[in-house]
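K.L.:
Generate coordinates for the sequence data below:
(chains A and B)
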Amino acid sequence: MEMNAKSADRNLLLELSGELDHHGARNAIRDLEMAIEAALPKKLVLDMAGVTFMDSSGIALILRAQQRMQLLDGSLLVCNVPQQAKRVLDAAGIGRLVKIR
Amino acid sequence: MRSKATNEFLLEFPSRSSNEGFARSAVACFAAQMDPTLNELEDIKTAVSEAVTNAIVHAYPETIGKVSVKGRICPGNILEVTVKDRGRGIPDVDKARQPMFTTGGEERSGMGFTIMESFMDKMAVRSVAGRGTTVVMRKKLAPRMKTGK
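P.N.:
Purely as a prediction, here's the structure:
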């Protein structure tokens, strides 16, 4: 699980790649929080294009991102979700809570 | 739920999180002989990942214990996967199966059982406090054109 951060003008883009399971999510959640802490963004975009596998651990990560952005009065967008990860999000009804494009 | 298997395997490993990827890939490799669609294979991998992660996170929270995964191919092109641990058990299975319920803290979403249920056709959970948990999941794969044997 890799996370690549790009930040400009209080916009934070986090590109996730690899397998987002419980094993990978532990570090990813820590990296996510550090990146948000450093950038204090108004808008966070999670780009999931490189995620080759995701289970409910990915839901925990997305919900954590949502929670942190709410505390900052900012917004979260999850984009480029591969089909397998999308089906996990749909099964859990996460589209009702988080903006996914 | 017991029926004669045409092929089966048994896998056992310590409850280290690095084995989550190994377990779901192993089951997917075994299921490949059933000629599954890519979607079916992804569903199986996801459900196995959830069950194995539950065992690793909840059955042995402070220790490393053994997790076993059994795969069986049953008549009717049905894959049965059993994930078993001898850990602390689930005190209230019905409660644990509810969406968003978790005792795993912020690292977990509480959606594991929901995902197993929606990605497989059948799921049964047996658990005894202090003795362990067994999750049995079944999925019928769509019949495909037979090529060769």
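K.L.:
mind checking the longest helix of chain A?
P.N.:
Scanning chain A for the helix with the most residues, using DSSP state H, yields helix A:22-39.
K.L.:
average pLDDT across that helix?
P.N.:
Taken as a whole, helix A:22-39 carries a mean pLDDT of 95.
K.L.:
in the helix or strand following that helix, what counts as buried?
P.N.:
Per DSSP states H and E, the first helix or strand lying C-terminal to helix A:22-39 is strand A:43-54. Under the neighbour-count criterion of 16 or more other Cβ atoms under 10 Å in any protein chain shown, strand A:43-54 has A:44-48, A:50-51, A:53-54 buried. All C-beta spots, glycine's among them, are computed from the backbone N, C-alpha and C.
K.L.:
And these, which is closest to B:V67?
P.N.:
Closest approach to B:V67 among those (Cβ to Cβ): A:F53, at 18.9 Å.
K.L.:
ok, the closest one touching A:L20?
P.N.:
Yes: A:F53 lies in contact with A:L20 (Cβ atoms under 8 Å); the separation is 6.8 Å.
K.L.:
what do those two both touch?
P.N.:
Taking Cβ atoms under 8 Å, 6 or more residues apart in numbering or on different chains as the criterion, A:F53 and A:L20 both touch A:A85.
K.L.:
residues making contact with stretch A:42-53?
P.N.:
With Cβ under 8 Å, 6+ apart, stretch A:42-53 has contacts from A:2, A:10-21, A:36, A:54, A:58, A:62, A:65, A:69, A:72-82, A:84-85, B:21, B:24, B:45-46, B:49.
K.L.:
got a pLDDT number for B:M1?
P.N.:
53.
K.L.:
nope, B:M100 is what I meant
P.N.:
84.
K.L.:
isn't A:I94 right up against A:A60?
P.N.:
No: applying Cβ under 8 Å as the test, A:I94 and A:A60 come out as separate, 10.6 Å apart.
K.L.:
that older thread, can you redo the buried residues of strand A:43-54 as TSV with pLDDT?
P.N.:
As requested, these are exported to TSV (pLDDT from 0 to 100):
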residue	pLDDT
A:L44	98
A:V45	98
A:L46	98
A:D47	98
A:M48	98
A:G50	98
A:V51	98
A:F53	98
A:M54	98
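K.L.:
State the number of residues packed around the nearest residue to B:G132 once chain neighbours are set aside.
P.N.:
Take B:G132 and drop its neighbours on the chain: the residue closest to it by Cβ to Cβ, 6 or more residues apart in numbering or on different chains is B:R86, 4.1 Å away. Using other Cβ atoms under 10 Å in any protein chain shown, B:R86 has 18 neighbouring residues.
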